[in-house]
Structure formats: structure tokens, C-alpha cells
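Asks: The following block contains a protein sequence and its predicted model.
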Amino acid sequence: MKYFSIPADFKKESIDRLHELNLTSQNSRVFETYGSISRGEFLECGRVKSQLPEVDFLELADYADYAKQKNIDFNYTLNSPYMHNMEFTSNGILKLKSFLHKLYQNGIRSLTVTLSPLVKLIKSTGLDFHIKASTICSINNANKAAAFKKIGFDRLVVDQSINRDFFTLKRTRDRFGENVEIIVNTPCHRDCASRLFHYLQISGDSIGETNDVSLNYYEHMCMARRYADISNWLKINWIRPEDLEYYMDIGIHYFKLQGRQTIKKGADIIRALKCYFNEDYDGNLIDLINLFAPMNPFEVFLDNKKLAGFIKPFFEKDHFCIHDCQACSYCETFARRCMDITQVEEVNCLANQFYHQYDQYNKMLKEIPFKETLLLQNKLEKEGDFGF
């Protein structure tokens, strides 16, 4: 049996459709949706506020209650990697405990958490929350999995970087137990050097007004990397619907669709879910990764059916990926077999021009020349105002 955790769009009609899918499927079921509120009093999470559906506590409670009636749980994402150290202050602890109590009163029993101190804080309330470790925790081996289990996490979502490392996945699953979950439609590149810093930026923009410069900086860096080379599309840690069998073979039965940030852009989550239920998809894999939401005008076609067999050597040979792309041509060779090279290179060129020209941060740096900064600082020091 395959169990799926999917983004909540907070619509009851979606719950009805998910319930119908659960009733008609013998091998798959949605066991939870997940999300967070974005109106009223809320806390940091792992997504930018402006990209999320606008939901308050009352709407959350109504949605979660309705879902529960259909035997679908709701998981609240309290998964920011940084909460301004509020968890270490008396006022912050009081605020967090009050928030948790309010969640509990409104029928929420599952949480996704990143910060380990929050687990102790949650346990101290005496409330019987089921706690899932976020992928932001970067759990990428058996030792980390064991450590997070000891801390008190009931389930964990592995780091996307090991999505194709079956050697490590199996040991992580064996060490932690059956409650290991994996993100199937991740848009993240393997070995991304900016991943942690991107999540920290998102955490800052998950409350208050969003700064477009910060919002776009890492997103555009990521997109520019995708379009830098044809092989990079295969270096994203996605999992094809047809390849779920490999993960089930090593004992992983919990799968997660990410993409809360695509809901307001017109995502069709249930269509994507059906592909993974049926373990079959005929179309552009990039569309599936994005939950069929239009993300940008630079469309590349990655034929999912032509990717058959791509994952097989990762499964059959331990440490097949050596994490040194310059010394390996596997992804590039496979990309040239399943993509229109001319079309991709044309799109890559246009995309790179756009992201280079639309570099807001670089523009800001040029608008504040270093020489003028020094002159201003000297002036402030003479006036007794040191500025910094």
C-alpha cells in the first residue's frame, strides 16, 4: 500500500475528490493533507506567506474537521528552520504553547517540525501531537535518522539529496522504521549548495510583507541553474510515478507531494496525485513536478516515458552517483536520448538571458557603490553617528 501526504488547498470539494479516490483505489490512499494558516495570528513556516492560500484559524478548523470526517488527517506545518530564537525566551515559549493549544482545540493532531527544541516544547504541553521531521532537517543517513527518533520524532521526511541513493535510503528506513517519507516531485537539484540558505530566506518571508528581492534571489538562482545545461534537468531529485516500485522494494511506503506554493498559481494537485496512484504518466515530467501549475514561460519538454530505465542503475549499484558531475556523463547522455536538444538549448539561452537581466540583487549592489558607502560612513563617524 502507498500512503500519500499532499498540499492542502483548503477546499472541501477537494476533500470529497480525495475521499472518492481512497474508496476506489486498492493500492494507494491519501492519509493526510498539510499546510498552515496565513491570516490572523500565525507563526513562521517553510513557505513564503504571499504564495500561500489565505486561511485563518476558523477556516483551518472547518477544513480539518471536514477532512477528518472523510478519514483524512491534517498536518500543520510548523517547519521553519529559524523562529528568531523565540523558542528560547519565556514570552516565546508562552506564545508557542498558546498556539499549540489553539491548534489542538481546533482538532489538529499532527505537526511537521524542523527545530528540535520545539519537540521538547511540544512534549511539555502534554498534548498528544504526532510529530513529523521536515525535509528541512536534512536527514540524509541512518545516524541522523536514529538521532531524530531519539529526540522524539514519530515520522521523518528524508532529505531530497538522497532520493536516488538507495543504499542510504534503505539503511535510513531500517534504522528509523516504517514511518519514513520521501518527496516525489521535488524541484531541488542534487547537492544544491544554497538549499539551507534558501530555506532560511523563506522562513523570513513566511511572516510579514515579502521583499521581492529576497523572494526572487534563490528562486531565480535555482531556475538559472536548471537552464544552464541540458543535463541539469535530470539532476533534479524527482521520482517518476513508474519508479515508486523501487522505493517500495526497500520498505518505503510513505510519499509526499510538495507544492503549497503552486496552489495560487493554478496547480492541479489531484491530477498529479492520480499519476502517482496509478504509477503511470504520459507527458512532460516538468509539468508533473510543478503539479501542472504554469511556473514560467520557458517551457522545456522532458518526456516522462523516455526516462524509463533512468533510475535502474541507481537501484542496482550502491553509490552509483559519485557526486562529481565533471567525472560522469550519465545524466547528460540520458538527457540527449529523451529531449529535443535544439529546442532545449534555444529555451535555455532565452531563460539565461532573462534571469541574468532580472537580477534584482545585483542591480541593488550597483546602485550602492562601495566608494560612496565609505564616504558616507566617514561622514557619519565624524558626526558621531557610527551607523552600524
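Replies: Yes, it's here. Residues are numbered from 1 along each chain as shown.

Asks: who touches the closest residue to Lys97 other than its chain neighbours in this structure?
Replies: Nearest non-adjacent residue to Lys97, counting by C-beta to C-beta, 6 or more residues apart in numbering: Thr125, 5.8 Å away. (Each C-beta comes from the backbone N, C-alpha and C, glycine too.) Each residue near Thr125 by C-beta atoms under 8 Å, 6 or more residues apart in numbering is listed here: 97, 100-101, 104.

Asks: Can you say which of those are buried?
Replies: The neighbour count (16 or more other C-beta atoms under 10 Å) marks Leu100 as buried among the contacts of Thr125.

Asks: for the contacts of Thr125, which one is nearest Leu350?
Replies: Leu100 (47.9 Å; C-beta to C-beta).

Asks: The closest one contacts Gly126, doesn't it?
Replies: No. Using C-beta atoms under 8 Å, Leu100 is not in contact with Gly126; the gap is 10.5 Å.

Asks: Might you specify the subset of the contacts of Thr125 located within helices?
Replies: Here DSSP state H is the test, and these give 97, 100-101, 104 as lying in helices.

Asks: So what's the predicted local confidence for Ala193?
Replies: With respect to pLDDT, Ala193 has a value of 83.

Asks: Can you get me a residue count around it?
Replies: Counted with other C-beta atoms under 10 Å, residues neighbouring Ala193 total 9.

Asks: Over to Ile139?
Replies: Count around Ile139 with other C-beta under 10 Å applied: 25.

Asks: got a list of what it touches?
Replies: Here Ile139 is in contact with 133, 145, 148, 156-159, 172 (C-beta under 8 Å, 6+ apart).

Asks: next one: phi and psi at it?
Replies: For Ile139, the backbone dihedrals (degrees, to the nearest 10) come out as phi -80, psi 100.

Asks: Over to the one 10 residues further on?
Replies: When read as degrees, to the nearest 10, the backbone of Lys149 gives phi -70, psi -40.

Asks: Am I right that it is in contact with Asp174?
Replies: No. Look at Lys149 against Asp174 with C-beta under 8 Å: they stay out of range, at 12.0 Å.

Asks: between those two, which one's more packed in?
Replies: Lys149 (18 against 14).

Asks: what pLDDT does the more buried one get?
Replies: 97.

Asks: bridging residues for Phe255?
Replies: Phe4, Ile182 (DSSP bridges).

Asks: so it sits right up against Pro241, yeah?
Replies: No. Between Phe255 and Pro241 there is no contact under C-beta under 8 Å: 9.9 Å.

Asks: Spit out the residues that contact these two alike.
Replies: 184, 276.

Asks: who's in contact with Lys149?
Replies: Taking C-beta under 8 Å, 6+ apart, one finds 156, 175-177 in contact with Lys149.

Asks: Then Ala272?
Replies: 185, 257, 288, 291-292.

Asks: Tell me which entries of those residues lie within strands.
Replies: Judged by DSSP state E, the subset of the contacts of Ala272 located in strands is empty.

Asks: Pull out the buried residues from these.
Replies: Buried among the contacts of Ala272 by 16+ other C-beta under 10 Å: 185, 257, 288, 291-292.

Asks: In those, find the pair that's most separated.
Replies: So for those, where distance means C-beta to C-beta, the most widely separated pair is Leu257 and Phe292, at 11.5 Å.

Asks: And what about the closest residue to Asn290 other than its chain neighbours, helix, strand or coil?
Replies: In space, and not counting its chain neighbours, Asn290 is closest to Thr262: 6.1 Å by C-beta to C-beta, 6+ apart. Using DSSP: H, G, I helix; E, B strand; the rest coil, the structure places Thr262 in helix.

Asks: burial measure for Thr262, as a count.
Replies: Neighbours of Thr262 using other C-beta under 10 Å come to 23.

Asks: any idea of the pLDDT on it?
Replies: 89.

Asks: Could you check how far it is from Asn22?
Replies: 23 Å (C-beta to C-beta, to the nearest Å).

Asks: same deal with Gly40?
Replies: Following C-beta to C-beta, the distance that separates Gly40 from Asn22 is 31 Å.
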